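K.L.:
kindly generate the corresponding structure for this input.
(one chain, ligands or ions: 1)
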Amino acid sequence: MSTHSLLHEPLAIDAQYGLVIHRNFIPLFANDAYAHCFGYNTGQEILALPSLLSLIAQHEQDTAKTAYQRVMTGLDQPGVRTFENLNKDGELITVLTVDSVVDWQGEPAMQIIVVDLSRQIAMQRQLLASEQRYRELVDGSIQGMLVHKDFQPLFCNQAYANMYGFTDANALLAQPSILPFINTQFHVQAWQDNQALLAGQVAVIKTEAKGLRADTSVLWLSLLSRPVDWNGERAVQVTAMDITEQHELREQLEYRANFDGLTNVYNRRALSEHLQLQLKSAITRRRPLSCLLIDIDNFKAINDSFGHHAGDVVLQHFAKGCQQLTRQHDLLGRWGGEEFVLVLPGTALQQAQHIAERLCCAMASMAVPVGTQSITFTVSIGVAALSPAIQSIEQLVGSADVALYDAKHRGKGQVVVAEVTAPCLY
Ligand SMILES: Nc1nc2c(ncn2[C@@H]2O[C@H](COP(=O)(O)OP(=O)(O)OP(=O)(O)O)[C@@H](O)[C@H]2O)c(=O)[nH]1
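P.N.:
Purely as a prediction, here's the structure:
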């Protein structure tokens, strides 16, 4: 391509952008906008410079000279480039240049339109730095963070991956769904929450859920979910805290508060609460309810003969045997020492008596192995049922207690049914 064919480009001296015309970097024309890019006030100040090369960063000067030569000799097309230039104060500024060859006073010259990109680049740098800071915050957080779309993971931090037993977050992200990591018992709730968040019905949902790690062990999580826009898509962001330890501790405390540590049956307080509920329900629904007060006979003698530990083992065998012989919804509790209460919902007095007889026989034939020895024992049982005269826990257990006392007096190892002072209506 000849130099002449490039001389048709129009002059752009009215441009809003910075504009300079030069020949071999000797300025021929510069507008004020060009001067402003470099920290000067007027184009005249630029024209006073012996060479525009002083405005170009040292390491870019050879490139600029070569580009000038190649364009002016027709080897290269004029074009768009970015350069690092220097302003008046010697600071680097990044500019976008649009070259063209123009006719200046009858001779070809290089016209350059300049756009200062420094501000955009500085903003981009700030954005990158803030993204980097954000990334470090997210990656360094001990809280797990996940973004998912209908449970397909889109993003997670290392803490989230670690919680689920993944050493590499990408391995978790490669999973098609995170649902397998949520206990099935929580799936319906998880779907409902997901729908509500995506539909914008709720702004945030706080829950606790049971999860499954990659090795199928259980973990408990405190979760905070909210909708987010993720690359233009509506998704759900989840912040997760591993509360497995706290949860286990809470369960242990709850267990200790409600169950007897030796026999693993309800303690007196918990059983009283359950009995109260059963009593209320039986009265309201006009359903029968019975109660057995069971006492291991001559327990002191067992302790004295075989030792306290042997006595403990007997108590454990009794409780286990009793549970095996009764229905799942019957409630067994340790009332104190070697005394137990068995609550039989939906069971009338006569039926309760049969159950008591069965228990009495079963216990008498049980041999509890302790070391090399084998301990046998009997139980005495008092039976009472809800009736018009018996409408409270105190009356029910009190009535069974009277019957139990009677059983002891009659020689132990037997069942006595409480006297019914008024006919049972149901
Ligand atoms: N090993 C053991 N003994 C207990 C426990 N709780 C209470 N005991 C003992 O159970 C014994 C109950 O004795 P008593 O109230 O005299 O009753 P008993 O020997 O069964 O006599 P009868 O009720 O008349 O048959 C006491 O010696 C208590 O110390 C326990 O958790 N473990």
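
K.L.:
quick check: closest non-adjacent residue to the residue in the stretch 251-400 of the chain that the ligand sits nearest to.
P.N.:
Residue of the stretch 251-400 of the chain nearest the ligand, by CB to the nearest ligand atom: G311 (2.6 Å). Yep, even glycine has a C-beta here, placed from its N, CA and C like the rest. In this structure, G311 finds its nearest non-sequential neighbour in N303, 4.1 Å apart by CB to CB, 6 or more residues apart in numbering.

K.L.:
what's the neighbour count on that neighbour?
P.N.:
16 (other CB atoms under 10 Å).

K.L.:
checking it next. Helix, strand or coil?
P.N.:
Here N303 is helix, with the state taken from DSSP: H, G, I helix; E, B strand; the rest coil.

K.L.:
so it makes contact with D312?
P.N.:
No - the pair N303 / D312 is not scored as a contact, 9.1 Å apart, by CB atoms under 8 Å.

K.L.:
where is the longest helix in the chain?
P.N.:
Scanning the chain for the longest helix, with DSSP state H as the assignment, gives helix 118-140.

K.L.:
pull out the buried positions in it.
P.N.:
For helix 118-140, burial by neighbour count (16 or more other CB atoms under 10 Å) applies to S118, V138.

K.L.:
give me the distance between that helix and the centre of its chain.
P.N.:
Offset of helix 118-140 from its chain centre (CA atoms, centre = their mean, to the nearest Å): 27 Å.

K.L.:
which strands and helices sit next to that helix?
P.N.:
In terms of contacts (3 or more CB pairs under 8 Å, 6 or more residues apart in numbering; DSSP states H and E), helix 118-140 is packed against strand 92-104.

K.L.:
how near is N31 to P388?
P.N.:
109 Å (CB to CB, to the nearest Å).

K.L.:
contact partners of the strand or helix carrying A159?
P.N.:
Assigned by DSSP states H and E, A159 belongs to helix 158-163. For helix 158-163, the surrounding residues in contact (CB atoms under 8 Å, 6 or more residues apart in numbering) are 139, 141-146, 167-169, 171-172, 211, 213, 219, 221, 240, 242.

K.L.:
beta partners of D295?
P.N.:
In this entry, D295 is beta-bridged to E339, S380, by DSSP bridges.

K.L.:
isn't it up against E339?
P.N.:
Yes - D295 lies in contact with E339 (CB under 8 Å); the separation is 4.9 Å.

K.L.:
pick out whichever of those two has more residues nearby.
P.N.:
The residue with more neighbours, out of D295 and E339, is D295; 22 against 18, by other CB under 10 Å.

K.L.:
any idea of the pLDDT on that one?
P.N.:
Reported pLDDT at D295 in the predicted model: 98.

K.L.:
what does E60 give?
P.N.:
Note on E60: pLDDT of 88.

K.L.:
likewise the one 10 residues further on?
P.N.:
Here, the pLDDT recorded for R70 equals 92.

K.L.:
count of residues packed around it?
P.N.:
Neighbours of R70 using other CB under 10 Å come to 13.

K.L.:
name the nearest residue to it, ignoring sequence neighbours.
P.N.:
In space, R70 is closest to D76, 4.0 Å off (CB to CB, 6+ apart).

K.L.:
any idea how the chain splits into domains?
P.N.:
According to automatic domain parsing, the chain comprises the domains 4-120, 141-246, 259-417.

K.L.:
looking at these, which is buried most?
P.N.:
Here the criterion is mean neighbour count by mean count of other CB atoms under 10 Å, and of the domains of the chain the winner is domain 259-417, at a mean of 18.

K.L.:
now the terminal residues of that one, how far apart.
P.N.:
Start-to-end span of domain 259-417 (CA to CA, to the nearest Å) is 28 Å.

K.L.:
got it, and stretch 51-63?
P.N.:
With CA to CA as the measure, the first residue of stretch 51-63 is 16 Å from its last.

K.L.:
which residues are in contact with it?
P.N.:
With contact meaning CB under 8 Å, 6+ apart, stretch 51-63 is reached by 20, 22, 25-27, 38, 46, 49, 64-65, 83-87, 92.

K.L.:
so of these, which ones are in strands?
P.N.:
Counting by DSSP state E, the contacts of stretch 51-63 place V20, H22, I26, P27, F83, E84, N85, L86, L92 in strands.

K.L.:
spit out the contact partners of the second one.
P.N.:
Applying CB under 8 Å, 6+ apart to H22 gives the contacts L28, L52, A109, M110, I112.

K.L.:
what are the boundaries of the helices in the stretch 201-350 of the chain?
P.N.:
Secondary structure of the stretch 201-350 of the chain by DSSP state H, counting those that start in this stretch: the helices cover 244-258, 268-285, 299-306, 308-325, 349-364.

K.L.:
any chance of those helices in JSON lines, plus distance to Q69?
P.N.:
Formatted as JSON lines, the helices of the stretch 201-350 of the chain follow (distance: least, CB to CB, whole Å):
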{"stretch": "helix 244-258", "distance to Q69": "71"}
{"stretch": "helix 268-285", "distance to Q69": "95"}
{"stretch": "helix 299-306", "distance to Q69": "110"}
{"stretch": "helix 308-325", "distance to Q69": "99"}
{"stretch": "helix 349-364", "distance to Q69": "109"}
